[in-house]
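In: 3D model of this:
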Amino acid sequence: MQSSLRPGQAGEGHQQPQAYAPSGIKNFSGVNVKNENYLDSQSQENTSEPVISKVECEGLWKVFGVRSEEAIAAMQQGRVDRDKIREQFDCVPAVIDVNLSVASGEIFCIMGLSGSGKSTIVRHINRLIEPSRGQVYVDGEDIGKLKPDALRHLRATQIGMVFQDRGLLPHRNVRDNVAFALELRRVKQERRDEIAEQVLDLVQLTGWGDLMPDELSGGMQQRVGLARALAANPDILLMDEPFGALDPLIRRELQDQFLQLSANLSKTTIFITHDLDEAIRLGTRIAIMKDGEIVQTGTPEDIITSPKDDYVEDFVRNISRLEVVKAHSVMSPVEEYDGEDGKPLNSLAYASPETNLGELIDIIIKRSGAIAIIDDGKPIGVVTLASLLKGIRGSELEKVANND
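Out: Numbers count the residues shown, from 1 in each chain. Below is the predicted model:
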C-alpha cells in the first residue's frame, strides 16, 4: 500500500479536482495483448505529476421515495431533520450530499455501521442505481450521461466488483468462473484460460481451476471472486465487505494477500467495511459515514489522532495506535530538547518521521533514551519516553493533562 498518496483537491468543476499519483507499478496493458504474463506487461512509473481523480462524487444524494425532490429541498433548507423525512414525505434518505475524490492507485475505505449508506455509494460508482441528485465521475467523465452501450462497456472493462456474497456460478468450475467476464467479451478460450490461470496464481489458487465452487472453503471462494474481478483487468475495484463473513484468521490472511496484490497492481480500490480495524489496516484514506453523511475523511493516522467529533472518537477509542501513529505526530521540536540524561542530540538513536510507535518502542528499549527524528539528513524533532507514552495513550491522556 502506498502511504505517500495525496488525495485529490475539490474544485469548482469536475475536471478541477486533482490527485497525486503514487509511485508504483502501472496497470497492465490488457487482455488483448498476446503472449504476455499478467504481471510482465506492467512497468515501473515514478511520478509526482498531478492527475485527475480516478473516481469522484459531487453533491451526491440518494433518497428513496416518490417525493424525493421535496425531501431533499426540505433537508437543504433545514426545515426537516433526516429522522422526520420518512414521516413527512414517505421517503428514506440513504446518501446525503456526499463529496469525495479517490486518487489513482489509492485504497479508499468507506466505513460505517449498517444503514449508514456506504454500500449505496459504491453502487452509484458503477451506476447500478441512479442518484437523486449529484454526479459521479470516472476518469473525469460524468457516468450519468453515458448511453447504455457505453455504460455496459464501462462496467465490463473499467470497473470490477467483489461482493461479500461471492455470486459464483455453481455449474461452472473455478477457471470458468474466473474467465466468465472474458467470455462475455468474446475473448478466445485459449487466451481466457491463460488469463484465468495467471490470476489464480496471483490469489494463491494455483492448480484449483478444475474444481467446482462447492468444493472450496469460504476463504477460497472469496479469492475466486477476487480473481474473477481481476481477470477482466479493471482500473477500479469496488469491494463491498468482501471479507466480512469469514473467520478472523482467514479474514486477516486475505487482507494480507489483498495488500500484496494492491502494492503490485496499483489498482484503484474503493473498499466498503463496517470494521474500523480493517479500514485502518487496508486504507490509504478512510471516510467514516453516519446516517448517509460522511462525517470525516483522512488517513488512518488522521482519524485516530484527530477525530472530528464524539462519534468518530467513540469508534477509535479502543484501536491500537502502535502501527498507525507515526513519529512526526508525537515528536517535540528540536529546540525543546534539553539534553535528556545529559545526552547531546548527535548521540541519540535516530528514526524517520514515518517510524510507527511500535518501532519507536523497540528503539527506546534497546537504546534507553530519546530518539532523534531525521528527515533529509537533518534532525526535525525528538521523541522522548514521555512523548511516546502520550502518543500511545492519545486523546485520553491529553484530556487528563488539560483537566490538570
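
In: Would you mark the buried spots in stretch 75-92?
Out: Residues of stretch 75-92 classed as buried by neighbour count (16 or more other CB atoms under 10 Å): Met75, Val80, Ile85, Phe89, Cys91, Val92. The way it works is simple: take the backbone N, C-alpha and C, and place the C-beta from them, glycine included.

In: Now do the contacts for the closest residue in space to Ile280 that isn't next to it in sequence.
Out: The shortest distance from Ile280 to any non-neighbouring residue, by CB to CB, 6 or more residues apart in numbering, is to Pro300 (4.3 Å). Contacts for Pro300 (CB atoms under 8 Å, 6 or more residues apart in numbering) come out as Ala279, Ile280, Gly283, Arg285, Ile286, Val324.

In: Those in strands, which ones?
Out: With DSSP state E as the criterion, strands contain Arg285, Ile286 from among the contacts of Pro300.

In: for the contacts of Pro300, which one is nearest Ala71?
Out: Taking CB to CB as the measure, Ala71 lies nearest Ile286 of these, at 28.6 Å.

In: check contacts around that closest one.
Out: For Ile286, the contacting residues are Phe108, Cys109, Ile110, Met111, Leu276, Ala279, Ile280, Thr297, Gly298, Thr299, Pro300, Ile303, by CB under 8 Å, 6+ apart.

In: Just name the closest of these to Asn233, please.
Out: Nearest to Asn233 out of these is Phe108 (CB to CB; 20.0 Å).

In: Could you verify that the closest one is part of a strand?
Out: Yes - counting by DSSP: H, G, I helix; E, B strand; the rest coil, Phe108 falls inside a strand.

In: roughly how far apart are it and Ile294?
Out: Distance, Phe108 to Ile294, by CB to CB, to the nearest Å: 11 Å.

In: what residues are shared contacts of these two?
Out: With CB under 8 Å, 6+ apart as the test, Phe108 and Ile294 both reach Leu100, Ala287.

In: Which pLDDT value does the model give Pro353?
Out: pLDDT for Pro353: 92.

In: now Pro234
Out: We have a pLDDT of 89 for Pro234.

In: Name the nearest residue to Arg133, ignoring sequence neighbours.
Out: Trp61 (4.1 Å).

In: before we move on, what about Ala245?
Out: Of all residues not flanking Ala245 in the chain, Gln164 sits nearest, at 5.6 Å (CB to CB, 6+ apart).

In: pretty sure the one you found is touching Asp240, no?
Out: Yes - counting by CB atoms under 8 Å, Gln164 touches Asp240, with 6.3 Å between them.

In: Is the most centrally placed residue in the chain bridged to anything, and to what?
Out: With distances taken as CA atoms, centre = their mean, the residue of the chain nearest its centroid is Phe108 (2.4 Å). Applying DSSP bridges to Phe108 gives these bridge partners: Ile270, Arg285.

In: re earlier: which one of the buried residues of stretch 75-92 is nearest to Glu56?
Out: So of the buried residues of stretch 75-92, ranked by how close each gets to Glu56 (CB to CB), first place is Met75, at 22.4 Å.

In: Let me see the contact set for that closest one.
Out: Met75 touches Asp81, Arg82, Ile85, Pro93, Ile96, counting by CB under 8 Å, 6+ apart.

In: can you check Ile85 too?
Out: Shown in contact with Ile85 (CB under 8 Å, 6+ apart): Val63, Ala71, Ala74, Met75, Cys91, Val92, Pro93.

In: at 6 Å what do you get?
Out: Ala71, Cys91, Pro93 (CB atoms under 6 Å, 6 or more residues apart in numbering).
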